[in-house]
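Visitor: Generate coordinates for the sequence data below:
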Amino acid sequence: MASTSKRKVDDRDSEDISCYVHNVSEIITAATSKTRYFYGNVQTNHDKVVRFVSFSPEKQSAMKSAESTKSPVKISNCVFTPKGDSVEITVRKNSQISVVKKLDFERITKMEDAAKLVTLQAIATANTMCSIKAKVVSISTTTEVNTRYGQRQVQKVTVVDDTKSMTLALWQQHVDKLRHKCYYSIENVISTYFQSELQLSTTSKTSFKPIEEFDIVEVDDSVDNVIKSVGTVISCALKIISKCVSCNKSLDIDTSSAIVRCLHCSSKQKVSQTRLTRQLNLQLDSNQKVQKFVVFNEVLNTFILKYSLKTFNNDELENFILNANELELKHNSNSDVVLNLDVNDKLTVQTQECI
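Guide: Below you'll find the model as predicted:
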């Protein structure tokens, strides 16, 4: 068991904890606040792994040393923040990190050992590192959210296995990595509470591997209810987005320069090697109800190939969509992300008028 003792520091409860250190990150600078921090995991008993964060970069070398030497350590004056039925540990500026001789549990040899394969039903507490096999049954639009570490991209997906369904939050470089109705082996995700709901989140160690189909539990219609919307497009905008190869966030490209620096992670890269992706935003008038939808790169490419539009530039493609008599969109009932895009009828204007 973890050895802890409480004391008062700056009018807040703090604790001393004995543990092993894993997965210490590099020092990160938040894009908005410019706050510098690092994070990782501490192992507090034979199978309990808890996330830590530190806003004192000078502590990183000691935590890195503890990880590389695999030494048990005592960390004093930590602040414990409740996260559902678990905690997140903050290593403070006045925390002391010292090597201890021995703990009454063994160090996990690899973090992958902690991330054992489990069913979704077996995930009952927060801060559980695990691996799952599941089907993706819904995908939301990517959003930018403000976190204590600055702005971050997140995309919510619903996954289901043979026991239950669950929300999985894809962060940063993991956004757009999963496809609707596909099956995956997903390694090294962590359980966490968000708005009182237990869900899964990706980590720096998360990986995805497509797998064969398997039997899954029947899910509620609200989870996997693909519906059809048919109507006239009243506006559309096609965006070509350059994304950072390191953090997958959008880049502000200066066309006069061959080199670009990412404003989010500060990495430099050649403009020619950035990741290009397209996104179509449109408004559909369906039965006098105007709805907004987003069409991501993969679905848009399928549409372009189906209607032989590869030679069209952005303006021509937008005109083609606007001149269609009606479009047919398939999407989940609780999502504005288009899963399939089709022309529902003949064009009111001949294609050559778009050229």
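Visitor: From now on I want contacts and neighbour counts done on CA atoms only, so please keep to that.
Guide: Fine.
Visitor: Specify the residue ranges that define each domain of the protein.
Guide: Domain ranges of the chain: 4-99, 115-210, 226-354, per automatic domain parsing.
Visitor: got these as CSV, with mean neighbour count, distance to E106 and mean pLDDT columns?
Guide: Formatted as CSV, the domains of the chain follow (neighbours: other C-alpha atoms under 10 Å; distance: least, C-alpha to C-alpha, whole Å; pLDDT from 0 to 100):
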stretch, mean neighbour count, distance to E106, mean pLDDT
domain 4-99, 18, 6, 80
domain 115-210, 19, 16, 85
domain 226-354, 16, 34, 81
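Visitor: Between these, which one is closest to T109.
Guide: domain 4-99 (8.9 Å; C-alpha to C-alpha).
Visitor: Could you export stretch 257-269 as CSV, CA atoms only?
Guide: Output in CSV follows, covering the C-alpha atoms of stretch 257-269 (Å, rounded to 0.1, in the frame of the first residue of the first chain):
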residue,chain,number,x,y,z
SER,A,257,8.1,31.2,-46.4
ALA,A,258,9.1,27.6,-46.9
ILE,A,259,9.4,27.1,-43.1
VAL,A,260,6.6,27.4,-40.6
ARG,A,261,6.7,27.3,-36.8
CYS,A,262,3.7,25.8,-34.9
LEU,A,263,2.2,28.4,-32.5
HIS,A,264,1.0,25.5,-30.3
CYS,A,265,4.0,23.2,-29.8
SER,A,266,6.7,25.6,-31.1
SER,A,267,8.1,23.0,-33.5
LYS,A,268,9.5,24.1,-36.9
GLN,A,269,8.7,22.2,-40.1
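Visitor: which residues touch that stretch?
Guide: 28-31, 244-247, 249, 251-254, 270-272 (C-alpha atoms under 8 Å, 6 or more residues apart in numbering).
Visitor: now do 10 Å
Guide: Contacts with stretch 257-269, where a contact means C-alpha atoms under 10 Å, 6 or more residues apart in numbering, come from 28-32, 150-152, 243-254, 270-274.
Visitor: Please name the bridge partners of the closest residue to F52 other than its chain neighbours.
Guide: Nearest non-adjacent residue to F52, counting by C-alpha to C-alpha, 6 or more residues apart in numbering: I89, 4.5 Å away. Beta-bridge pairing for I89 (DSSP bridges): F52, F80.
Visitor: With distance to I216 as added columns, please give the domains of the chain in JSON lines.
Guide: JSON lines is the format used below for the domains of the chain (distance: least, C-alpha to C-alpha, whole Å):
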{"stretch": "domain 4-99", "distance to I216": "28"}
{"stretch": "domain 115-210", "distance to I216": "4"}
{"stretch": "domain 226-354", "distance to I216": "17"}
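Visitor: the helices in the stretch 51-200 of the chain, which residues?
Guide: 60-69, 111-114 (DSSP state H, counting those that start in this stretch).
Visitor: what would the ones you listed look like in a markdown table with distance to G231?
Guide: Below are those laid out as a markdown table (distance: least, C-alpha to C-alpha, whole Å):
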| stretch | distance to G231 |
| --- | --- |
| helix 60-69 | 56 |
| helix 111-114 | 49 |
